[in-house]
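Undergrad: Here is my input; please provide its structure:
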Amino acid sequence: MATILLHLPPIDQARVLLDAYYDNYTWNHDVAPRAGVQPIFDRAYGLGQNPSRVHPQQLALLFIILAMGALHNPALPPHDPGAEHHLAAARWCLVKGDFIGHNTIAGLQALVIMAHYALETEKGRNGDSAWPLWGLAMRLVTAMGLHIDGRRWNLPPEVAEERRHVFWECHTIDVFQANCFSRPSSLRPEHIDTAFPGGGERDFRTLKFELCRISGAVLDQAMDVRPTAYSAIDALYERLCAFERHIPFAIRCRTALLALPSVYADAESAIRDSPAVSGQLALTFQQFTLALNVSEAILFLQRPYFVRALQESPQDPTRSTYAKSYLAVVERCNVLIEVVGGLYELYPTVTARHWFFWYHLFTAAVCLGTMIILNPTNPLAGLVLGQIDHSIKLYSSVLRDHATPSLVQNHQWLLRLRARALSKVEHAPPPPGDEADVDVELLGWRTRLVERAREGKRATTIRREDDSPMSHGPSPASIQPQPLVPLAPTIDQVLQQHFVDSTPQRTQDPATDFLLHQFWDPTTLLESREGAGGASNWWNTWDLGLPDLQNPM
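TA: Purely as a prediction, here's the structure:
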C-alpha cells in the first residue's frame, strides 16, 4: 500500500481537486458526502495526531473523487490526463481490497462514482462502461442489504442513516439511467423498504428520491412487454405534473416555469410562483436540474405516443387521439432547451463539464426537428426552428472553450437536422386553415406555446420559397459553410441508444436518416408490441425529392 500512496498528488493539489468535486459535482450526485471522505483524506496524507492505516477500498474512493475533481475543475483543460491516472489508481485499489469478496460502503461508493466518471469521458459516452458498473453496484447494494432499512436490524442511528443515503443515491441513478438507456433497472419498488435519509424535510435530495419512484413507474410501463392502456400513461403524466406543482417554492426553477404555458398562461404568474435566481451555485443547479429531471421523465413517458400522434395525424397532430402526448413532448423539449440555455448563461464553465445537460439539449432538438421533417406546415414550425437555432447557438458557444469530439459531432448533427428541416419548410405548400374540429383546450395550449416563444424571441419567422422577400428569420451566426468532420461509425455514443438494422426507404439524406434511426428506433420498437411504430422511415413519408443535404448550408 505504501507504493500506491506515492501516486497521490501533492496535498495542495489534492485539496483543490477535492474542492472541485464537492463544489461543482455533488450538488446533484453525492453518494459519498464530504463528512465521511475528509477523514480518509486526512489519514491518507498522514494528517492528525493519530494517523492510521487506510483500507484499499477507502483509497479507491479517494482516488476516484480526485479523478472526478480533475474532470470538473474549470482551471484544468477538459479531460485532463491526471484524471485517468487517478482512475487507474482507484481501479487498482478496488482490486487490491477485494471489493467483490469483501463488500464495504467505501468500495460501493467508489464503484458508483467510477460509473459516473465513465459517462463523463469521451470513450464512455455510450454507457458501455458505466452501465455494467452501476449494475454491479446495485448487486453489491442488495448483497449488503441496503435495500432493507437498518432499523430492522437495530443498527446504530448513524449507521442506518449512512446506509439510507448511499442506497437512495445508488438506486436513483440506476433508475434514471435505465430510463435513458431504455433498459430495466435492478430493483423493483416492492422489494425496497429503506426510508429516505434526512429529517423528513423536502429538500432537493428528498425530491430527487421521490421523483425516482415516479420515474421507476415510467420505466416499468416502458419495459412491460404487455400493452399499456393509454389511460395508465395519462395517469402517470398527471402524477408527474402533480409532483412538479408541489415542489417547494425555494427549489422551483423560474426558467422552466416560464416555458410551461400549459400551466402558466402568462409570464407574470410563472414569475410570481418561483424565486429569482440566487447567487448560490449549488442551489441554482439543483433548481434547474430538478426541473430538467421532471421534463425528462415526461419525455420518456410520452415520446412513444408523440410518435403515434405524428403517424395518426401528420398534418395536424392536435387532431390525434394522442394530441395531449404530442403537445406535452413539444412543451417539455422546450423546457429542456431553455433550462440548459439558462444554466449555461449563468455558469458556463461548470455547465460545460456536465455531459448530461448537452445530451438532453441535443435529444430535445432532434425530437422537435422530427416534427418539421414529417410535416413542415405544422403550426409550431416557427417555434421548432427557433429552438433548433437556439440549441445550435449554445453548442457553438460551448465549443469555443470546450471543443470535445462529442460536442463537435452533436453540433454538426444539429446543423444537418436544421438544413433538412428548413429545406422541407421551403418546399412545403401553404398550411391548411381549417381548425374547426380541433379540441379547444388543446388549441389553446398550442397557441400559448407559440405566443410564449414569440415573447422570448425564440420563434423563427417562416417564409416559403414563393414568398418575397426570401427570409427565414434570425439564423445563428454559427451556421457557416464548413467542412464536416468524418462521421463516427457509432453515433449511439452521442445518443446513448442502439442502432437497429432495418430496410429504410431510400432518401437523398441518408446521414440524417441514420441519426433519426438512432434516436427513434428504440422508442418505436418498444411500442411495436402494440402494433404501432416500427423501424421504417416513418418520418420520411413526405420527404421524397429533396435536394442533397449531405453538406448543409
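Undergrad: now the chain, which segments are flagged as low pLDDT?
TA: By pLDDT under 70, the low-scoring segments of the chain are 1, 49-51, 124, 431-553.
Undergrad: State the distance from Leu240 to Arg308.
TA: 19 Å (C-beta to C-beta, to the nearest Å). Just so you know, the C-beta spots here come from the backbone N, C-alpha and C atoms, and that holds for glycine as well.
Undergrad: Can you give me the buried ones in the longest helix along the chain?
TA: The residue-count maximum for a helix in the chain (DSSP state H) belongs to helix 281-312. Within helix 281-312, the residues scored as buried using 16 or more other C-beta atoms under 10 Å are 283-312.
Undergrad: what packs against the helix or strand following it?
TA: Per DSSP states H and E, the first helix or strand lying C-terminal to helix 281-312 is helix 323-346. Here helix 323-346 touches helix 230-245, helix 254-258, helix 281-312, helix 348-352, helix 355-374, helix 381-399, helix 440-455, going by 3 or more C-beta pairs under 8 Å, 6 or more residues apart in numbering; DSSP states H and E.
Undergrad: For the closest residue to Leu414 other than its chain neighbours, give its distance to Thr349.
TA: Leaving aside its chain neighbours, Leu414 sits nearest to Ile392 (5.1 Å; criterion: C-beta to C-beta, 6 or more residues apart in numbering). Per C-beta to C-beta, Ile392 is found 20 Å from Thr349.
Undergrad: neighbour-wise, which of those two wins?
TA: It is Ile392, of Ile392 and Thr349, that has more neighbours when counted by other C-beta atoms under 10 Å, with 22 against 15.
Undergrad: That one against Gln412, yeah?
TA: No - counting by C-beta atoms under 8 Å, Ile392 sits too far from Gln412 to count as a contact (10.1 Å).
Undergrad: mind checking how far stretch 174-185 is from the chain centre?
TA: Remark: stretch 174-185 is offset 12 Å from the chain centroid, using C-alpha atoms, centre = their mean, to the nearest Å.
Undergrad: what does stretch 287-302 give?
TA: On C-alpha atoms, centre = their mean, the centre of stretch 287-302 falls 8 Å from that of its chain.
Undergrad: do stretch 136-153 as well
TA: With C-alpha atoms, centre = their mean, you get 27 Å for stretch 136-153.
Undergrad: Can you mark which positions in it are buried?
TA: Leu136, Ala137, Met138, Leu140, Val141, Met144, Leu146, His147, Ile148, Asp149, Gly150.
Undergrad: Please give me every residue in contact with His147.
TA: Val141, Phe167, His171, Leu187, His191, Ile192, Asp193, Thr194 (C-beta atoms under 8 Å, 6 or more residues apart in numbering).
Undergrad: so what's the second one closest to, chain neighbours aside?
TA: So the one you mean is Phe167. Nearest non-adjacent residue to Phe167 (C-beta to C-beta, 6+ apart): Leu146, at 4.0 Å.
Undergrad: And that neighbour, how far from Arg34?
TA: 20 Å.
Undergrad: And Tyr117, by the same measure?
TA: Tyr117 is 18 Å from Arg34, by C-beta to C-beta.
Undergrad: Ok, Arg163 next?
TA: For Arg163 relative to Arg34 (C-beta to C-beta), the value is 18 Å.
Undergrad: repeat for Val16
TA: On the measure of C-beta to C-beta, Val16 and Arg34 end up 14 Å apart.
Undergrad: Which of those two has more residues huddled nearby?
TA: Val16 (18 against 14).
Undergrad: Pretty sure the more buried one sits against His72.
TA: No - Val16 lies out of contact with His72 (C-beta under 8 Å); the separation is 11.4 Å.
Undergrad: tell me which element the nearest residue to Glu331 once chain neighbours are set aside falls in.
TA: Excluding its sequence neighbours, the residue lying closest to Glu331 (C-beta to C-beta, 6+ apart) is Ser262, at 5.9 Å. According to DSSP H and E, Ser262 maps onto no helix or strand at all.
Undergrad: Ser231 versus Ser262, what's the distance?
TA: 19 Å.
Undergrad: can you check Pro184 too?
TA: 23 Å.
Undergrad: Those two: who's more crowded?
TA: Neighbour count, other C-beta under 10 Å: between Pro184 and Ser231, Pro184 has more, with 13 against 8.
Undergrad: who's in contact with that one?
TA: So Pro184 contacts Ala178, Leu219, Met223 (C-beta under 8 Å, 6+ apart).
Undergrad: now Ala328
TA: Applying C-beta under 8 Å, 6+ apart, the residues contacting Ala328 are Tyr237, Ser262, Ile298, Gln302, Phe306.
Undergrad: how much space between Leu207 and Ile247?
TA: 6 Å.
Undergrad: how does the protein divide into domains?
TA: 2-213, 247-429+439-540 (automatic domain parsing).
Undergrad: With respect to Pro227, which of those lies nearest?
TA: domain 247-429+439-540 (4.6 Å; C-beta to C-beta).
Undergrad: What count of nearby residues applies to Ser185?
TA: Ser185, neighbours per other C-beta under 10 Å, totals 23.
Undergrad: Phi and psi next, for it.
TA: phi -80, psi -180 (degrees, to the nearest 10).
Undergrad: isn't it right up against Thr172?
TA: No - using C-beta under 8 Å, Ser185 is not in contact with Thr172; the gap is 10.1 Å.
Undergrad: CA atoms of the helix or strand containing Leu87 as CSV?
TA: Using DSSP H and E, Leu87 maps to helix 81-96. Extracted C-alpha coordinates of helix 81-96, given in CSV (Å, rounded to 0.1, in the frame of the first residue of the first chain):
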residue,chain,number,x,y,z
PRO,A,81,-4.7,13.4,-18.3
GLY,A,82,-4.3,13.4,-14.5
ALA,A,83,-7.9,12.2,-14.2
GLU,A,84,-7.1,8.9,-16.0
HIS,A,85,-4.1,8.4,-13.7
HIS,A,86,-6.3,8.7,-10.6
LEU,A,87,-8.9,6.4,-12.2
ALA,A,88,-6.2,3.7,-12.8
ALA,A,89,-5.1,4.0,-9.1
ALA,A,90,-8.8,3.7,-8.0
ARG,A,91,-9.2,0.5,-10.0
TRP,A,92,-6.0,-1.0,-8.6
CYS,A,93,-7.2,-0.2,-5.0
LEU,A,94,-10.6,-1.8,-5.6
VAL,A,95,-8.9,-5.0,-6.8
LYS,A,96,-6.4,-4.9,-4.0
